[in-house]
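>>> Sequence isn't available, so here's the structure alone:
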């Protein structure tokens with residue numbers, strides 16, 4: 001595990017200025033206040049903070065909560081380790097908190113703490129439900145300052161559209177530019193006195209920037225930062241009344257949930273997103289992601305229904321799709337259908353689907369190709385085609401490294417134990433050497 005990643009317990013300690021020894025003493029003191037004993041040591045804290053480390057039992061979680069002054073309801077509702085201080089708890093929609101959410105996303109990013117957690121599954125489902133049932137609250141604030149010139153807003157829109165639509169391999173170099181435009185747009189929302197049409201345009205711009213920055217964070221495994229930006233994008237798009245963009249943000253949050261192994265909340269989020277999504281391409285993507293989550297849960301029949309719905313929606317799409325899903329294509333449908341079949345244990349038809357999808361993918365979508373090739377390598381590995389699998393994984397790894405997408409690199413690295421069983425194969429040796437040198 002990359003040492004730049006912090007366990008949420010370590011993040012909470014940092015916020016409270018506690019060392020592992022301090023926290024252990026705080027837990028022992030909390031136990032004494034309850035007329036009990038706890039033999040917690042610095043070493044025990046270290047075990048809890050390891051990747052895939054042990055989960056404290058209910059008694060110790062209560063003692064940790066006492067140290068951080070967290071209520072018992074949060075422990076029950078959010079679960080370990082989401083209830084710990086410093087994790088992403090989204091602000092509710094419809095409360096006029098859009099600027100706060102936009103600023104909070106930037107603040108969290110500047111902390112430069114990367115963790116593997118996004119929004120707690122229970123909180124994510126609640127946020128999606130709010131989006132589905134609340135009418136946008138277009139709140140006009142009595143902000144100070146001058147109005148933004150329409151020509152300047154138009155220039156921002158054109159420039160941001162260019163930045164957010166760049167090829168994946170180039171977009172990795174634009175993060176500082178995206179951050180500066182984000183700060184500019186949020187500043188105009190916060191400090192300028194704009195008319196309602198201009199304010200709406202700025203909210204849409206803020207949502208677009210936050211969504212793109214969220215993906216950059218996600219690709220670099222900063223799930224905490226990605227969730228914060230996507231939550232901010234949902235606020236801004238909701239306040240602008242842009243339901244297409246809001247559905248896209250919910251789709252991103254659902255994808256993050258799937259990536260982290262939380263299928264059930266992803267299904268709930270997508271169901272809420274579908275209630276306000278009318279574009280056929282957008283609905284196809286949502287059904288496809290729902291199928292993936294259903295496959296993870298082993299719900300084969302429901303998964304196939306979702307795949308059929310995704311195929312039908314894409315085949316009947318005639319209008320220009322929203323920008324957030326304009327890339328959706330038969331290649332995505334084929335590969336993700338194959339991934340669903342892998343989850344359901346049907347590897348042979350899965351390989352056919354994935355191979356077909358990879359062949360259809362345009363070169364500009366290098367990150368997606370890296371992910372798809374990894375799926376293909378995993379399937380080939382499961383079928384005993386070791387050399388072909390290792391060569392495919394090596395191609396995916398080189399692509400991921402070229403883009404600086406550590407998420408994809410880690411996805412390939414997760415297959416290492418299986419490849420090590422076949423270390424005498426030259427292609428496997430080359431793959432393992434490249435992974436070790438990364």
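Sure thing, it's come through. Just so it is clear, the model here is predicted, and its values are computed rather than measured. Numbers count the residues shown, from 1 in each chain.
>>> Give the rounded mean pLDDT of stretch 132-149.
On average, the pLDDT along stretch 132-149 is 54.
>>> same deal with stretch 258-266?
The predicted confidence, averaged over stretch 258-266, sits at 90.
>>> same check, this time on stretch 330-339
93.
>>> so how far is it from its chain's centroid?
Average the C-alpha atoms of stretch 330-339, do the same for its chain, and the two points are 20 Å apart (C-alpha atoms, centre = their mean, to the nearest Å).
>>> just stretch 336-350 next, same as before
When distances are taken as C-alpha atoms, centre = their mean, stretch 336-350 is centred 23 Å away from the chain's centroid.
>>> Please enumerate the helices of the stretch 301-438 of the chain.
Taking DSSP state H, counting those that start in this stretch to define them, one finds helices in the stretch 301-438 of the chain at 330-343, 347-360, 366-382, 386-403, 406-413, 416-420, 426-437.
>>> Now do the longest one and helix 406-413, the angle between them.
Spelled out, it's helix 386-403. Here helix 386-403 runs at 160 degrees with respect to helix 406-413, directions being taken by axes from the mean of the first three to the mean of the last three C-alpha atoms, to 10 degrees.
>>> I figured residue 249 hits residue 237, correct?
Yes - using C-beta atoms under 8 Å, residue 249 makes contact with residue 237 at a distance of 6.3 Å. Just so you know, the C-beta spots here come from the backbone N, C-alpha and C atoms, and that holds for glycine as well.
>>> what sits in contact with each of the two?
Shared contacts of residue 249 and residue 237, defined by C-beta atoms under 8 Å, 6 or more residues apart in numbering, comprise residue 207.
>>> Now do the contacts for the residue positioned nearest the centre of the chain.
Computing the C-alpha centroid of the chain and ranking residues by C-alpha atoms, centre = their mean puts residue 256 first, at 3.3 Å. Applying C-beta under 8 Å, 6+ apart to residue 256 gives the contacts 118, 218, 223, 226, 227, 230.
>>> any weak-confidence spans in this protein?
Applying pLDDT under 70 to the chain picks out residues 1-6, 51-53, 86-92, 94-96, 107-127, 129-130, 133-146, 166-173, 192, 438.
>>> And stretch 217-231, what's buried?
Going by neighbour count (16 or more other C-beta atoms under 10 Å), the buried part of stretch 217-231 is 217-231.
>>> check contacts around residue 338.
Contact criterion C-beta under 8 Å, 6+ apart gives 349, 350, 351, 352, 353, 354, 357, 375, 379 as the residues in contact with residue 338.
>>> Pick the one among those residues closest to residue 307.
Of all those, the one sitting nearest residue 307 is residue 353; the distance, using C-beta to C-beta, is 10.1 Å.
>>> Give me the distance between that closest one and residue 379.
Separation of residue 353 from residue 379 (C-beta to C-beta, to the nearest Å): 9 Å.
>>> What segments of the stretch 1-150 of the chain are helices?
Taking DSSP H, counting those that start in this stretch to define them, one finds helices in the stretch 1-150 of the chain at 8-16, 20-33, 42-48, 58-68, 72-78, 98-110, 121-133, 150-164.
>>> between these, which one is nearest to residue 196?
By C-beta to C-beta (comparing all of the helices of the stretch 1-150 of the chain), the closest turns out to be helix 150-164, at 13.0 Å.
>>> Following element in sequence after the helix or strand hosting residue 237, please.
Per DSSP states H and E, residue 237 falls inside helix 223-240. Per DSSP H and E, helix 223-240 leads on to helix 243-259 as the next helix or strand towards the C-terminus.
>>> For that next one, what is the distance to the chain centroid?
The chain centroid and the centroid of helix 243-259 are separated by 8 Å, computed with C-alpha atoms, centre = their mean.
>>> Equivalent analysis for stretch 309-320, please.
Offset of stretch 309-320 from its chain centre (C-alpha atoms, centre = their mean): 25 Å.
>>> Tell me the buried residues in it?
309, 310, 311, 313, 314, 317.
>>> can you check stretch 237-244 too?
With burial defined by 16+ other C-beta under 10 Å, the residues of stretch 237-244 counted as buried are 237, 238, 239, 240, 242, 243, 244.
>>> how close does the third one sit to residue 355?
Counting by C-beta to C-beta, the gap between residue 239 and residue 355 amounts to 44 Å.
>>> cool, and the last one?
Going from residue 244 to residue 355 by C-beta to C-beta gives 32 Å.
>>> Phi first, then psi, for residue 203.
Main-chain torsions, residue 203, degrees, to the nearest 10: phi -60, psi -40.
>>> Surely it touches residue 189?
Yes - contact between residue 203 and residue 189 holds when scored by C-beta under 8 Å: they sit 6.9 Å apart.
>>> Overlap of the contact sets of the two?
Counting by C-beta under 8 Å, 6+ apart, the shared contacts of residue 203 and residue 189 are residue 98.
>>> Now for residue 293, how many residues are close by?
In terms of burial, residue 293 registers 27 neighbours under the definition other C-beta atoms under 10 Å.
>>> one step back: any idea which of the buried residues of stretch 309-320 is closest to residue 56?
Proximity of the buried residues of stretch 309-320 to residue 56 was ranked by C-beta to C-beta; the top entry is residue 310 with 40.5 Å.
>>> ok now do that closest one, which residues does it touch?
Residues touching residue 310, when contacts are defined by C-beta under 8 Å, 6+ apart, comprise 284, 285, 287, 288, 291, 333, 337.
>>> Of the residues you listed, which belong to helices?
Of the positions in the contacts of residue 310, 284, 285, 287, 288, 291, 333, 337 sit in helices, assigned by DSSP state H.
>>> out of these, who's nearest residue 420?
Comparing the ones in helices among the contacts of residue 310 against residue 420 with C-beta to C-beta places residue 337 closest, at 30.2 Å.
>>> OK, contacts around the closest residue to the closest one other than its chain neighbours?
If the residues on either side of it in the chain are set aside, residue 337 comes closest to residue 353, at 5.0 Å by C-beta to C-beta, 6 or more residues apart in numbering. The neighbourhood of residue 353, defined by C-beta under 8 Å, 6+ apart, consists of 334, 335, 337, 338, 341.
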